[in-house]
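1. Below are the sequence and a predicted model for it; my questions follow.
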Amino acid sequence: MAQQAAAPAATGMSGHASHGPRTQLATGVAFGPDGSLWMVGLDAKQQLYTANSTDLATWSTPHVLDVSADPISADGENRPKLAFGPSGQVVISYTRPLEKPYTGWIRMLRSTDGGATFSPPFTVHKDSQEITHRFESIAFDASGALHTVWIDKRDMLLAGKSYVGAAIYQNVSLDGGLTFGPDSKVADHSCECCRIALAQGPDGQLRALWRHVFGSSTRDHAFANLSDGAANGFKRATFDEWQIQACPHQGPGLALAGTSPHAGYHAVWFGIRKEKGVDVAAARYARLAEDGQPVAASVRALPDPQAEHADVVAIGDKVAIVWRSFQGGQTSLKAWISMDGGKTFEQRLLATAHGNNDHPRLIANDSHVVAVWRTDEKAEIHEINF
């Protein structure tokens with residue numbers, strides 16, 4: 001059953017809008033260790049705030065955070081995030097835009113008391129050039145190590161126009177965000193403006209899925225084990241063969257498909273591929289093998305030609321995919337539900353909205369699967385019942 005809860009309105013830019021300035025509605029969500037649902041985003045005054053829900057129906061009073069006057073990007077693929085560590089740590093990350101277009105620093109706040117108070121913001125990466133450090137993702141692996149992964153253009157700055165796209169970089173903190181290891185390259189030639197999907201593997205190590213530039217202009221997806229430590233040790237995960245000299249601003253989603261050592265993953269993404277000689281744009285789903293390569297027979301389009309910004313989670317054989325779909329001045333939030341590990345699916349309509357709205361965020365713990373969808377008026381909580 002879908003439930004809705006009020007949250008502060010925001011101003012800025014996100015979603016589908018018809019006239020005037022659009023709102024920065026991009027929001028991060030996470031389950032706390034006690035089962036409460038948390039969100040982080042910007043309010044109407046462009047202040048970073050958190051709120052939580054213990055009943056998956058109503059939000060607490062917003063808690064405004066001190067970010068030392070940092071401007072914050074909270075639009076579309078570049079949203080604030082939060083993650084809970086194994087020892088009471090909570091970390092919040094965001095991109096602080098710099099003066100030059102498309103540049104930024106990844107900033108972080110750290111809490112050691114479960115989110116009651118946070119440290120002043122600090123920059124996560126060692127590199128301090130006025131270049132792209134944006135579109136970060138954060139997650140703890142099973143050992144408690146905190147990984148921050150982002151899109152970075154330091155290599156393009158060195159190589160010049162001959163360098164295609166950007167790069168994926170990461171660093172790792174072994175003390176819950178108190179100190180960080182060196183910036184290390186994951187891959188050259190990533191896409192420039194798509195979110196990076198992270199998921200724990202059956203071994204507890206983090207896997208990443210991101211849009212990559214293969215050759216000069218093929219924008220498919222790459223998959224890597226972030227604990228391998230080898231630059232460019234990725235596998236190609238999608239084969240749409242989409243040729244485009246631009247960033248689609250639609251990143252992928254990734255979820256572990258079971259707990260066996262060779263379980264593989266569920267993935268969703270957006271792309272254009274030729275089918276019977278015709279270019280077909282679609283959000284797609286596939287099972288990936290344990291090394292990230294697609295199981296060919298599993299690749300299929302979501303059952304909605306307007307589907308965009310899909311996300312995926314799984315609990316055992318239960319799989320949920322959500323997306324938004326814009327048509328006729330209305331945006332719909334839809335879900336695709338599987339009870340058999342992705343072999344068959346049932347489609348559901350969760351909600352509709354007019355005006356601005358964020359990309360839906362899908363999140364799961366051992367007991368609940370929840371879609372959070374923020375509009376101009378509220379942050380809606382939709383629990384997925386299998």
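-> That came through, no problem. Residues are numbered from 1 along each chain as shown.

2. Torsion angles phi and psi at Ser298?
-> With angles defined as degrees, to the nearest 10, Ser298 sits at phi -90, psi -10.

3. From Leu256, how far out is it?
-> To Leu256, Ser298 is 15 Å away according to C-beta to C-beta, to the nearest Å. (C-beta placed from N, C-alpha, C; glycine too.)

4. what do you get for His382?
-> Counting by C-beta to C-beta, the gap from His382 to Leu256 is 22 Å.

5. again with Val313
-> 9 Å.

6. Neighbour count: the two, which is higher?
-> Val313 (23 against 18; other C-beta atoms under 10 Å).

7. Specify the local secondary structure of Met155.
-> Let me fix one detail, which is that residue 155 is Asp and not Met. helix (DSSP: H, G, I helix; E, B strand; the rest coil).

8. contacting residues around it?
-> 163, 166-167, 185, 188 (C-beta atoms under 8 Å, 6 or more residues apart in numbering).

9. what's the nearest residue to Leu198 if we skip its chain neighbours?
-> Ala139 (4.5 Å; C-beta to C-beta, 6 or more residues apart in numbering).

10. Check which helix or strand the one you found maps to.
-> Ala139 is part of strand 133-140 when elements are defined by DSSP states H and E.

11. Mind giving me the packing neighbours of that strand?
-> strand 81-84, strand 90-97, strand 104-111, strand 146-152, strand 197-200 (3 or more C-beta pairs under 8 Å, 6 or more residues apart in numbering; DSSP states H and E).

12. which residues touch the last one?
-> Outside strand 197-200, the residues that touch it by C-beta under 8 Å, 6+ apart are 137-139, 141-142, 147, 149, 206-210, 226, 251-256, 265, 267.

13. swap the cut-off to 6 Å and go again
-> 137, 139, 206-209, 252-256 (C-beta atoms under 6 Å, 6 or more residues apart in numbering).

14. Tell me the buried residues in it?
-> 197-199 (16 or more other C-beta atoms under 10 Å).

15. before we move on, what about stretch 344-351?
-> 345, 348, 350-351.

16. do stretch 231-247 as well
-> 234, 237-240, 242, 247.

17. now do stretch 151-168
-> 151-156, 164-168.

18. Show me the shaky parts of this structure.
-> 1-23 (pLDDT under 70).

19. let's see 50
-> 1-20 (pLDDT under 50).

20. mind listing the helices for it?
-> For the chain, the helices defined by DSSP state H occupy 154-159.

21. Show me the contact partners of stretch 242-251.
-> So stretch 242-251 is contacted by 77, 191-195, 217-219, 270-272 (C-beta under 6 Å, 6+ apart).

22. now stretch 221-233
-> 147, 185-187, 205-212, 234-235, 237-238, 252, 269, 292.

23. out of the residues you listed, which are buried?
-> 147, 186-187, 205-212, 234, 237-238, 252, 269, 292.

24. which ones among these are found in strands?
-> 147, 186-187, 206-212, 269 (DSSP state E).

25. Dump the residues you listed to CSV, plus distance to Ser367.
-> Formatted as CSV, these follow (distance: C-beta to C-beta, whole Å):
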residue, distance to Ser367
His147, 25
Val186, 33
Ala187, 35
Leu206, 23
Arg207, 24
Ala208, 26
Leu209, 26
Trp210, 30
Arg211, 32
His212, 35
Trp269, 28
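
26. Looking at those, spot the one nearest Gln129.
-> Val186 (18.6 Å; C-beta to C-beta).

27. Please name the nearest non-neighbouring residue to the closest one.
-> Per C-beta to C-beta, 6+ apart, closest to Val186 is Ile168, 4.0 Å.

28. Would you mind listing the buried residues in stretch 186-196?
-> Of the residues in stretch 186-196, those buried (16+ other C-beta under 10 Å) are 186-196.

29. Which of those residues sits closest to Gln330?
-> Once C-beta to C-beta is applied, the member of the buried residues of stretch 186-196 that ends up nearest Gln330 is Arg195, at 24.7 Å.

30. Cool, thanks, talk later.
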